[in-house]
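Engineer: Need a 3D model of the sequence below.
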Amino acid sequence: MAVAHGSRAPRAAATVEALLDEVRRARPGLPVRTAYLDHAAPSLGQALHGLGEAVVLPLLLTEAYHSRVDLPAALHEARARDPRLRVRYGSTLGPHPLMPAALERRLAEAGVPAGDPDTAIVLVSAGSSDARANAVVAALARAWAVRSGWWAVTVAYASAAAPAPEEAVALLRAAGAPRVAVAPYLLAPGHFSDKVRRATLEAGADVVADVLGPAPELAQVLLERYEAALDAPATAAAS
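Structural biologist: Have a look, this model is predicted:
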């Protein structure tokens, strides 16, 4: 049971399903279902109804409010309604060592070769009021900068934290970056991806890559999270 944040934009749900289709192709015969925390159906409770056992995997890129509060609360509610339901709960997609490869895939599709020394990268996440989540994304940017040949890698947040993506682009331009590319650390298209694209291009970015979406690397991460969750004990309604 893959649980995404959810969006009013139909293209977001289509992107989530495309990612899960990658998982289905990689693991034929594995039942894969979708649920959403908000804005789209089915809810987690609706998707779990009638099942005896499930592995719940958050389609979230960082550990923040949704994974720490919203998802556990939805699980508690579902288990209270169905005492026979047993659930294993997996980790969020990120952080994971495959994330830079997925980001570089999207950049390459936008015409930016991996590790181009004349290109500075702005890694843009949605941002969170939870400083721990933002720190994880900042650590990803630092690690990516160390292992790659980019001119620089800097982090920005579409909401709730600074710097804003357009500010990060402007700072790199002022520092003399020959080329600035934006790498959205976002799972699906929607309000944030549209806002980031518009604002960073206006600020002088040369390229804005696509969201991560159905990148094969994300499908592999999701299957790893599934296998790890299978090794954990299942929890029942009474727990």
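
Engineer: Please enumerate the helices of this structure.
Structural biologist: 10-26, 44-48, 65, 71-81, 99-109, 131-147, 165-174, 191-203, 216-230 (DSSP state H).

Engineer: Residue 157: which of those is closest?
Structural biologist: helix 131-147 (6.3 Å; Cβ to Cβ). Any C-beta I mention is one placed from the backbone N, CA and C, and that applies to glycine too.

Engineer: how much space between the closest residue to residue 141 other than its chain neighbours and residue 202?
Structural biologist: Leaving aside its chain neighbours, residue 141 sits nearest to residue 155 (4.1 Å; criterion: Cβ to Cβ, 6 or more residues apart in numbering). For residue 155, the distance to residue 202 equals 20 Å [Cβ to Cβ, to the nearest Å].

Engineer: any residues touching stretch 141-149, and which ones?
Structural biologist: Outside stretch 141-149, the residues that touch it by Cβ atoms under 8 Å, 6 or more residues apart in numbering are 100, 103-104, 114-117, 121, 123, 150, 152-155.

Engineer: Just the buried ones from these?
Structural biologist: 100, 103, 104, 116, 121, 123, 150, 153, 154, 155 (16 or more other Cβ atoms under 10 Å).

Engineer: pLDDT weak spots in this structure?
Structural biologist: 236-239 (pLDDT under 70).

Engineer: 50 instead, please
Structural biologist: For the chain, the stretches with pLDDT under 50 are 237-239.

Engineer: which residue is nearest the centroid of it?
Structural biologist: Centroid check for the chain by Cα atoms, centre = their mean gives residue 61 as the closest residue, at 3.2 Å.

Engineer: which residue packs closest to that one, ignoring adjacent ones?
Structural biologist: residue 94 (4.3 Å).
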